[in-house]
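Student: When you get a sec, could you give me coordinates for this:
(2 chains)
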Amino acid sequence: MNTPGYSEIIRQGLWHNNAGTVQLLGLCPLLAVTTSVVNGLGMGLATTLTLVTSNVIISLIRGLVRSEVRIPVYVLVIASAVTVIELVMNAWFHDLHVILGIFIPLIVTNCVIIGRAESFASKQTVDRALLDGLAMGIGFTLVLVLLGGMRELLGQGTLLAQAHLMFGEAGKALTLTLLEDYRGFLLAILPPGAFIGLGLIIAGMNVINVRYERKAAAAVPVASPAKA
Amino acid sequence: MTISNYSSPHLPATGDVAVMMRQVLLALLPGIAGMTWYFGPGVISNLLVASVTALIAEAGMLALRGKPVATTLYDGSALVTAILLALALPPLAPWWIPVIGSLFAIIIAKQLYGGLGFNPFNPAMVGYVVLLISFPREITLWPAPHLSPGLLDTLALVFLDTLPAGAGLDAITMATPMDTIKTRLGLEETLGELQTGGVFGLMGARSWEWINLWFLLGGLWLLQARVIQWQIPASMLGALAGMALVFHLLDPGSYTSPAFQLFSGAAMLGAFFIATDPVSASTTPLGRLVYGAGIGIFIWIIRNWGGYPEGVAFAVLLMNMAAPTIDHYTQPRVFGKNGGAS
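Tutor: Model prediction:
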């Protein structure tokens, strides 16, 4: 088993193997709760926390679990982690917890988490598993926040509305109302807006990738095939 | 004597997209004139705003995609999309309604899928449905027939959001007949009680029946000119009338007659101009019959049992989704091949 370096893990999680836009895992919460920045951020952080916890635990017990029973064991670990996180959110971020509702317990079934457990944490050391969970989680969170921002801006003309749910009373000052008297573009808030928005984000990433590759190809002169 | 060796086809090809689109535009003229007669200059302003936006959007997207701009714009397909969309919009809607609708139709529903010939959904109807679900208030601003404000007042309302002096929005707009029927039936009234409400005309919805008639006229000319085939309009109107007949006979107090269904709302515009979009419709002869019948049945269901008073756009989009499957199962038998599909 090859062991990727730290920077490679971070690059994979944030960009090249992004859970939301490249692996297209966890589409259900990605599309369902991203109606605003705050919802996206809350969901993303909960998922990140779950990923880090489950990755670390699974990496720690990877020598003890027989491969025949590994999937039930992983599910148990993940379910326990999600339950703890859900209770914590219910206690300290109750309003946000009410808004995100069923999607918090459903993190258990998010394919990103079992996917990282199976394909990464179960084969790597604890430090790498932790970093992988963090990178994957932050990559996913960034997509959630970006999509949430796009939909909130178009749909309601605000950014970071209801920020007090997350940052306490001080958060109210964070809310930006960009357009007064904005009538709202309902489609952006409705499910089609999520699909169209995600499609545009993926297209944008592909454009950047192509540009980057072209630049890299132009900068590094490829060894000429016509050698003497 | 020389015998030239001509190979088939022996008829001159008339499939030029530009010619076809111009014929469609020509056939729409009577209906457009009818709508303007009843609903005032807002109809024309919608048409102009939508057309200009669509042409700019099409040109911009073609340039971005590195396609030839001038020749593709000249084929008129963007113009037809814009005009079909504009005809579905209420004449007193603010100017940004046709703008957003056309932008969505051309950029997302047409060009992002690959441009003319590749869009799985009818772009005009996608644009309309986006507006319908996003701006439920603006999309109902239909003036009462013959009571539309004059040219200057309409322009002020559409572009500057200023109402004519002394008139509220409620004074110049009116629920469409189909909307009225939907609301009143919801209040446990029967159609008999509605007879005096100014909703019914001679056979269809008041005023709208004439608009439908003009669109029917244009549609028949398109049929005669072989721009469209008979299958889709015939099966769509047939299925709509059939559904209406069955339920009207069962319960005439709650379900309007087939004639009313055929001559109300966007029935004729939909049957001859929207459902027959050559790109997003079925292409096999039998498939067209199935496709049209599906649209007719869905229109009736949405009008009578759904949440919206009119269902042409939703019905067309639903059957667009089914069109590839319908085509797959209705491939015509190759001549000389015995039975057994494919």
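Student: neighbours around the residue lying closest to B:Gly296 once chain neighbours are set aside, how many?
Tutor: Take B:Gly296 and drop its neighbours on the chain: the residue closest to it by C-beta to C-beta, 6 or more residues apart in numbering or on different chains is B:Ala239, 2.9 Å away. The way it works is simple: take the backbone N, C-alpha and C, and place the C-beta from them, glycine included. Using other C-beta atoms under 10 Å in any protein chain shown, B:Ala239 has 21 neighbouring residues.
Student: Next one: B:Ala239 from chain A, what distance?
Tutor: According to C-beta to the nearest C-beta, to the nearest Å, B:Ala239 stands 28 Å off from chain A.
Student: for residue 105, what are its contacts?
Tutor: Using chain A. A:Pro105 sits next to A:Val82, A:Thr83, A:Glu86 when contact means C-beta atoms under 8 Å, 6 or more residues apart in numbering or on different chains.
Student: Switch to chain B, please.
Tutor: B:Ala105 is in contact with B:Ala54, B:Thr81, B:Ala82, B:Leu85, B:Pro123, B:Ala124, B:Val126, B:Gly127, counting by C-beta under 8 Å, 6+ apart.
Student: On the pLDDT front, check the most centrally placed residue in chain A for me.
Tutor: Against the mean C-alpha coordinate of chain A, by C-alpha atoms, centre = their mean, the closest residue is A:Phe140 at 1.5 Å. On pLDDT, A:Phe140 comes in at 92.
Student: which element is it on?
Tutor: Using DSSP states H and E, A:Phe140 sits in helix A:126-156.
Student: By neighbour count, which bits of that helix are buried? Give me those.
Tutor: Across helix A:126-156, burial judged by 16 or more other C-beta atoms under 10 Å in any protein chain shown covers A:128-156.
Student: Return the distance of stretch B:168-176 from the chain's centre.
Tutor: Distance of stretch B:168-176 from the chain centroid (C-alpha atoms, centre = their mean, to the nearest Å) equals 23 Å.
Student: Extract the CA atoms of it and return them as CSV.
Tutor: What follows is stretch B:168-176 as a C-alpha-only set of coordinates in CSV (Å, rounded to 0.1, in the frame of the first residue of the first chain):
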residue,chain,number,x,y,z
GLY,B,168,-54.8,50.0,-9.3
LEU,B,169,-53.3,46.8,-10.7
ASP,B,170,-56.5,45.1,-9.8
ALA,B,171,-58.5,47.4,-12.0
ILE,B,172,-56.7,46.5,-15.1
THR,B,173,-55.8,42.9,-14.6
MET,B,174,-58.2,40.0,-14.4
ALA,B,175,-57.9,36.3,-13.7
THR,B,176,-57.9,34.3,-16.9
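Student: Can you list the buried residues in that stretch?
Tutor: B:Ile172, B:Thr173, B:Met174, B:Ala175, B:Thr176.
Student: Pick the one among the residues you listed closest to B:Met35.
Tutor: The nearest member of the buried residues of stretch B:168-176 to B:Met35, counting by C-beta to C-beta, is B:Thr176 at 12.4 Å.
Student: Contact residues of chain B facing chain A?
Tutor: B:Ile100, B:Ile108, B:Val130, B:Ile133, B:Ser134, B:Phe135, B:Pro136 (C-beta under 8 Å from any C-beta of the partner chain).
Student: Please name the residues that touch the fifth one.
Tutor: B:Ser134 makes contact with A:Gly184, A:Phe185, A:Leu186, A:Leu187, B:Ile100, according to C-beta under 8 Å, 6+ apart.
Student: which element follows the worst-scoring helix or strand of chain B on mean pLDDT toward the C-terminus?
Tutor: Ranking every helix and strand in chain B by mean pLDDT, DSSP states H and E puts helix B:169-172 at the bottom, with a mean of 73. Moving toward the C-terminus from helix B:169-172, the next helix or strand (DSSP H and E) is helix B:177-186.
Student: So what does the residue in chain B positioned nearest to chain A have for phi and psi?
Tutor: Chain B approaches chain A most closely through B:Ser134 (4.2 Å), counting by C-beta to the nearest C-beta. Torsion angles at B:Ser134 (phi, psi; degrees, to the nearest 10) stand at phi -90, psi -40.
Student: Quick check: pLDDT value at it.
Tutor: So, for B:Ser134, pLDDT stands at 90.
Student: quick one on the thing from earlier: the closest residue to the residue nearest to the centre of chain A other than its chain neighbours in helix, strand or coil?
Tutor: Spatial nearest neighbour of A:Phe140, excluding adjacent residues (C-beta to C-beta, 6+ apart): A:Ala19 at 4.4 Å. For A:Ala19, the assignment made with DSSP: H, G, I helix; E, B strand; the rest coil gives coil.
Student: Who are the contact partners of A:Ala19?
Tutor: Shown in contact with A:Ala19 (C-beta under 8 Å, 6+ apart): A:Gly13, A:Leu25, A:Gly26, A:Val112, A:Met136, A:Gly139, A:Phe140, A:Val143.
Student: gap between the third one and chain B?
Tutor: As for A:Gly26, its distance to chain B is 25 Å (criterion: C-beta to the nearest C-beta).
Student: before we move on, what about A:Ile99?
Tutor: Distance, A:Ile99 to chain B, by C-beta to the nearest C-beta: 22 Å.
Student: Would you mind confirming that that residue is in contact with A:Leu165?
Tutor: Yes. With contact defined as C-beta atoms under 8 Å, A:Ile99 reaches A:Leu165; the gap is 7.2 Å.
Student: any common contacting residues for the two?
Tutor: The contact sets of A:Ile99 and A:Leu165 overlap at A:Gly42 (C-beta under 8 Å, 6+ apart).
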